[in-house]
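[1] I'll drop the sequence and a predicted model, then ask my questions.
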Amino acid sequence: MRLYSSGVRLSTSTGVAVAVGRSMHAVQVQKRSVRRLMAGGLAAALGATVLALPVSAAPPAAAGTGTTEAARAAAAAERTGQRVEVLSARTELTQVFAKPSGGFVAETAAVPQRVRQSDGSWADVDLTLRRDAGGFRPAVSPADVRFSAGGRGPATTLTSGGKSLTLAWPGELPAPVVSGDAATYPEVLPGVDLVLRATHTGFTHVLTVKTPQAAANPALREIRFDLGGDVRVRRDADGSLRALAGAAEVARSAPAEMWDSTATSATGRSAAGKSSAAGPGAGARTAPVATAIDAAGDLVLRPTPGLLDPARASFPVYIDPAWSSGASRWAYATSDNFTNSDTTRAIVGFLPDSNRTYRSYFEFPTSTLVGKHIQSAYVRMKLDHSWSCFATPTYMYQSAPIATTPRTAWAPTLTTLRASASASACASVTSPQPDAIMNFAGSNVTAAIRTQAATGATSITFGFCACSDSAGTGEGDQNRYKKFYPEEARLVVDYDSLPGQPTGLQVGGQACVTGDRVALATPPTLSAVFPDGDAGQILQTAYELLEIPASGSYDSSTPRLTPPAGSAVTAGARSTTAPVTGVLGGKAYAWRARSTDPAPYGLLSPWSAWCEFTVDDQPPTVTVDPVTNPAPPGQFYTYKLRSPDPDVVMFRYGWTSPPTEEAEAGTTLGYPGKTVSVTLTTPAYGTNTLYVAAVDSAGNVGYGSLVVQVDPPAAG
């Protein structure tokens, strides 16, 4: 943009003049340097998430400081010697912590750990039932579920995506007995309780048949629940149920099953192995429950008669379908595709009482790790129960994705053995063992997560089995049978963001532009922006400098000169060196930059693109010629300024020295240099001096002048 004031006429090489008033003022002209950059364009910084919510360990940064929460967390961790959570990275499954030693650790679960509240805060999952105006609800649950306080109407309502599924007992419910996550409605039939239990993804409804006499009730041969809400329920071929609102799935139920209270065949087993409304015990006899949707759209359950036979079953007997409002991130598989209603535990290994083998699969999200440097990774599992009282192994494989939840077919492919771990937590009456932590670690686990981060994969699935190879070797050893807590499973990853490729390169304060070479009058400073996804980290900068050979080409074998010293810079900030030394006028040079992040990793960024410059310390020449005859004061008169130097970008002129009015340099057909025509008035009769200057792209200024003699008018 040019700003014109009164009193100046300007023209470029065409010599066209335009009168615009009387007094002369400056014309702002953008300097245009001659530049060339040979080694490709400047690249953007590597992507990384910037974390910006306040962290409790440090006060919020003042507005405009550019400090992010991740930086504050890192500073607080270093200051306190304790890891500090980056709250803005928190999700229902993932937490990220800054470490005192530098870098970050991400802990990711497969079962929701927390729920976003209406005010934007997070609350840990708490399935303890609390009374509200409509009945009972879990205190904090990923699933929107409510249980009845008794009477008629829905026993439970499950809402997902604004649509609801209701399930009602075909009679009046008594007031429930509430304990923890369960509401028990006693004697809905003689000797039969209805137990509704909140889960992380929905609810279960279990009929507890307490006595052989209760089992003889014909009403238990065909059990009906009224289904309602905004859905229609469809039965799939395997007996599973899907509640649909249009094409959207509101909830699903795995095939129903029933189990009795047969004690395990192992001696000395504690109550931890017994059946309950939560699921079958280790030695329970189990059987499928047939399901149907009748003409009215309601649910019909038909238990297996044999498991209600007092001569064959141990009481209580439990009858259960479980509903979920969404797919879980973990699933179990059984060798006979049997449904296990107890999803409070992830089972691995062989159980001879049922002649059934279990495997369990966990899918961990990894989007937080994309583009990061993975230092180490492991999976932490908490063992609830083992068959053996001495340590036996469990094997962790990277596997194909989970197809369905909570039960997946036998079995997703176990592709690569990543780790194994051994422990025991048996329930011996004489010497009960506590829960045990099992860490599945090692270079193979780290390698798997590095691949995920490098390829941009957003999740990884691990399968746990009692087999030492994918063919199942050793899986029939009952001593390897174990139960894990699904909600305690964690993928723990120690990581750091790779420093990004430096951007925004400048030389001598002028931007480096692809295809151009910056011309400078004096040895320049070098400057760049040094990004890193871990905002607030202190990076160390470094530079390479070389003289461009006469051929114009250079590579890794081209001799390097001594570059300016690097310095420490906050990630995302600009760093500028001292002026380059040892460069000569008339020579061309190229430089590039990179950074290193702090210990313990010391990761190097990619090199920036090359930036080229020349040192031009010779001022251009300038002359001025009158175009018309000198005119008396008050009348316009045209002059042409010219310079033979093609890198002149601007002329200055005026009746005082040094001249201050400016005009952009142009070209004239047939003239190899730069020109401009200016039209102005002579200040006075007699001798006047027009001062002129030419400014080249390096900022060099050359001066000239012209004496203008205006004779006074003749007397008389």
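    That came in fine, so what should we check first? Small disclaimer: the values here were computed from a predicted structure and weren't measured.
[2] can you pull the domain assignment for the protein?
    9-32+618-710, 112-326, 328-493, 503-609 (automatic domain parsing).
[3] okay, those in JSON lines with mean pLDDT and mean neighbour count next?
    For every residue, glycine as well, the C-beta is placed using N, CA and C. Listed next are those as JSON lines, based on pLDDT from 0 to 100; neighbours: other C-beta atoms under 10 Å:
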{"stretch": "domain 9-32+618-710", "mean pLDDT": "79", "mean neighbour count": "17"}
{"stretch": "domain 112-326", "mean pLDDT": "90", "mean neighbour count": "18"}
{"stretch": "domain 328-493", "mean pLDDT": "93", "mean neighbour count": "20"}
{"stretch": "domain 503-609", "mean pLDDT": "92", "mean neighbour count": "18"}
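[4] out of those, which is closest to residue 104?
    Nearest to residue 104, of all the domains of the chain, is domain 503-609, at 6.8 Å by C-beta to C-beta.
[5] for the protein, just list every one of the helices.
    Counting by DSSP state H, one finds helices in the chain at the ranges 69-80, 212-215, 443-455.
[6] from the middle of its chain, how far away would the second one be?
    Average the C-alpha atoms of helix 212-215, do the same for its chain, and the two points are 56 Å apart (C-alpha atoms, centre = their mean, to the nearest Å).
[7] quick one on the thing from earlier: can I get the domains of the chain in TSV with distance to residue 71?
    Conversion of the domains of the chain to TSV gives the following (distance: least, C-beta to C-beta, whole Å):
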stretch	distance to residue 71
domain 9-32+618-710	37
domain 112-326	21
domain 328-493	17
domain 503-609	2
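[8] tell me which of those lies nearest to residue 74.
    Distances from residue 74 to each of the domains of the chain were compared using C-beta to C-beta; the shortest belongs to domain 503-609, at 5.3 Å.
[9] what is the end-to-end distance of the closest one?
    For domain 503-609, the first and last residues are 8 Å from each other (C-alpha to C-alpha, to the nearest Å).
[10] repeat that for stretch 228-246.
    14 Å.
[11] stretch 278-294 too?
    Criterion C-alpha to C-alpha; first-to-last residue distance in stretch 278-294 is 27 Å.
[12] please state the offset of it from the chain centre?
    Computed by C-alpha atoms, centre = their mean, the separation of stretch 278-294 from the middle of its chain amounts to 41 Å.
[13] what's near enough to touch the residue sitting nearest the centre point of the chain?
    Residue closest to the average C-alpha location in the chain (C-alpha atoms, centre = their mean): residue 368, at 3.9 Å. For residue 368, the contacting residues are 49, 89, 94, 96, 106, 108, by C-beta atoms under 8 Å, 6 or more residues apart in numbering.
[14] measure the fifth one to residue 250 for me?
    Translated: residue 106. 32 Å (C-beta to C-beta, to the nearest Å).
[15] cool, residue 435 as well?
    Distance, residue 435 to residue 250, using C-beta to C-beta: 36 Å.
[16] next: residue 364.
    Distance from residue 364 to residue 250, counting by C-beta to C-beta: 26 Å.
[17] kindly report the same for residue 541.
    Using C-beta to C-beta, one gets 55 Å for the distance from residue 541 to residue 250.
[18] same thing with residue 665?
    For residue 665, the distance to residue 250 equals 72 Å [C-beta to C-beta].
[19] swap in residue 127?
    Taken as C-beta to C-beta, the span from residue 127 to residue 250 is 20 Å.
[20] kindly report the same for residue 291.
    The value you get for residue 291 to residue 250, if C-beta to C-beta is used, is 17 Å.
[21] got it, and residue 125?
    Counting by C-beta to C-beta, the gap between residue 125 and residue 250 amounts to 21 Å.
[22] with residue 653 instead?
    Noted for residue 653: a distance of 80 Å to residue 250, by C-beta to C-beta.
[23] how about residue 380?
    Going from residue 380 to residue 250 by C-beta to C-beta gives 34 Å.
[24] no further questions, thank you.
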